[in-house]
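Engineer: Sequence plus the predicted model coming up.
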Amino acid sequence: MKLLKRFSLGAVAFSLCGLSHVALAEQQQDFQTWLEALKVEAKQKGFSDQLIEEALTGLKPYPKAIKSDRAQPEFKRTFKRYSTKRLSDWRINTGLKMKKEHGELLEKVGKAYGVQPRFILAFWGLETNYGNYTGNNDIIRSLATLAYDKRRGPYFRKELFNALTILKEGHIKLEDMKGSWSGAMGQGQFMPSSFLQLAQDFDGDGRKDIWHTHADVFASIANYLKHYGWNDQQTWGRQITLPENAKQLVADTKQVTPEKGCRALRAHSEKLPLSQWNELGVRRLNNAELPTVNLKATLTVPDGVNGDAFLTYGNFRTILRYNCANSYAITVGLLSDKFK
């Protein structure tokens, strides 16, 4: 489980309806000119004429991808609104059913990669509703559109060639290569680069099938977390209650030097031992003292000091590697807690 001058496809996304037929034709022609140059590069990279012809011929821009790229809910909504929608009774109850149905496989994968099954389940549930919705967008079309756009063009250009590599290796057929507007694929929503680096063939059939095979889906999610430093001896963090001087506490524990990594970490405090958070008056939700373990944590209040507050541990940083947004990472943690 993630991311204009001259002519840009952003104009297509936001003003498509207001374009004249002539202007629209010119923009589409510009895209086709760009696409022809891309085909030449694909040929130089060793892709076959047949694959290039099948995958890249006849593509048209996909304005929805540009619009979605500029309005991702993890960054546009409050944490409360984001998490409430995703921690629905359906998602929790369905997750508990999936835990029973796939419990043996989840345990096997969890032991193999050192990741608690409840976290694999939480990522699966949050990313694609347990495989019920993996996205119906043509991956090649979405990536080509975003590669042509100027905002993150170089990044998506690389992902487009990675997607062609996946097709070349035979993991999925072109007509079945569906996913999100961003190019994320399968039940774990892997970008093509993550697929090539971290997807797993856990059932040993020679294909890394993150679209249909539960064993490969679970193992790929677990391997992703393991690769980025997951520690199965710890949890992700916890929701807490703040003392009456919450505003002052947040100000006093603000980072002097911002923590490196995902931008979301800028909204966290400095790292302090749990014993020190106890001394500062931070408590569990039931007002009991925090665990007496040798562990450091950061404080974050995604909706401000009057909203929900959380302490986060090392595994939280790993969750952020999946999607660099506090709302997303906290929601994964809270959902996993429902499956204990």
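Structural biologist: Thanks, I have it.
Engineer: pretty sure residue 200 is in a helix, no?
Structural biologist: No: read with DSSP: H, G, I helix; E, B strand; the rest coil, residue 200 is coil and lies in no helix.
Engineer: give me every residue that touches the closest residue to it other than its chain neighbours.
Structural biologist: Counting by Cβ to Cβ, 6 or more residues apart in numbering, residue 219 is the residue found nearest to residue 200 once chain neighbours are left out, at 3.9 Å. Just so you know, the C-beta spots here come from the backbone N, C-alpha and C atoms, and that holds for glycine as well. Contact analysis of residue 219 by Cβ atoms under 8 Å, 6 or more residues apart in numbering lists 109, 112, 113, 200, 202.
Engineer: just the buried members of these?
Structural biologist: The neighbour count (16 or more other Cβ atoms under 10 Å) marks 109, 113, 200, 202 as buried among the contacts of residue 219.
Engineer: Could you pull out the helices in the stretch 1-150 of the chain for me?
Structural biologist: Taking DSSP state H, counting those that start in this stretch, the helices of the stretch 1-150 of the chain run over residues 9-15, 21-44, 49-56, 63-69, 73-76, 79-86, 89-101, 103-113, 117-128, 139-148.
Engineer: With distance to residue 164 and mean pLDDT added, can I get the ones you listed in CSV?
Structural biologist: Formatted as CSV, the helices of the stretch 1-150 of the chain follow (distance: least, Cβ to Cβ, whole Å; pLDDT from 0 to 100):
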stretch, distance to residue 164, mean pLDDT
helix 9-15, 20, 39
helix 21-44, 6, 78
helix 49-56, 6, 97
helix 63-69, 18, 81
helix 73-76, 28, 59
helix 79-86, 33, 95
helix 89-101, 33, 98
helix 103-113, 28, 98
helix 117-128, 23, 98
helix 139-148, 8, 95
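Engineer: so how far is residue 88 from the closest residue to residue 45 other than its chain neighbours?
Structural biologist: Leaving aside its sequence neighbours, residue 45 sits nearest to residue 161 (Cβ to Cβ, 6+ apart; 6.4 Å). Distance, residue 161 to residue 88, using Cβ to Cβ, to the nearest Å: 38 Å.
Engineer: out of the two, which sits in the more crowded spot?
Structural biologist: Per other Cβ atoms under 10 Å, whichever of residue 161 and residue 88 has more neighbours is residue 161, with 18 against 11.
Engineer: Now residue 329: closest residue in space that isn't a chain neighbour?
Structural biologist: Of all residues not flanking residue 329 in the chain, residue 319 sits nearest, at 4.1 Å (Cβ to Cβ, 6+ apart).
Engineer: average model confidence for the helix or strand containing the one you found?
Structural biologist: In this assignment (DSSP states H and E), residue 319 forms part of helix 314-322. Average pLDDT, helix 314-322: 98.
Engineer: Check for me that residue 156 belongs to a helix.
Structural biologist: Yes: counting by three-state DSSP, residue 156 falls inside a helix.
Engineer: That one contacts residue 140, doesn't it?
Structural biologist: No: checked against Cβ atoms under 8 Å, the pair residue 156 and residue 140 is beyond contact range at 11.3 Å.
Engineer: Looking at the two now, which is surrounded by more residues?
Structural biologist: residue 156 (26 against 19).
Engineer: tell me the contacts of the more buried one?
Structural biologist: So residue 156 contacts 143, 146, 147, 149, 183 (Cβ under 8 Å, 6+ apart).
Engineer: Please tabulate the helices of the stretch 1-150 of the chain in JSON lines and include distance to residue 168 as additional columns.
Structural biologist: Output for those, formatted as JSON lines (distance: least, Cβ to Cβ, whole Å):
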{"stretch": "helix 9-15", "distance to residue 168": "26"}
{"stretch": "helix 21-44", "distance to residue 168": "10"}
{"stretch": "helix 49-56", "distance to residue 168": "6"}
{"stretch": "helix 63-69", "distance to residue 168": "23"}
{"stretch": "helix 73-76", "distance to residue 168": "32"}
{"stretch": "helix 79-86", "distance to residue 168": "35"}
{"stretch": "helix 89-101", "distance to residue 168": "33"}
{"stretch": "helix 103-113", "distance to residue 168": "27"}
{"stretch": "helix 117-128", "distance to residue 168": "25"}
{"stretch": "helix 139-148", "distance to residue 168": "13"}
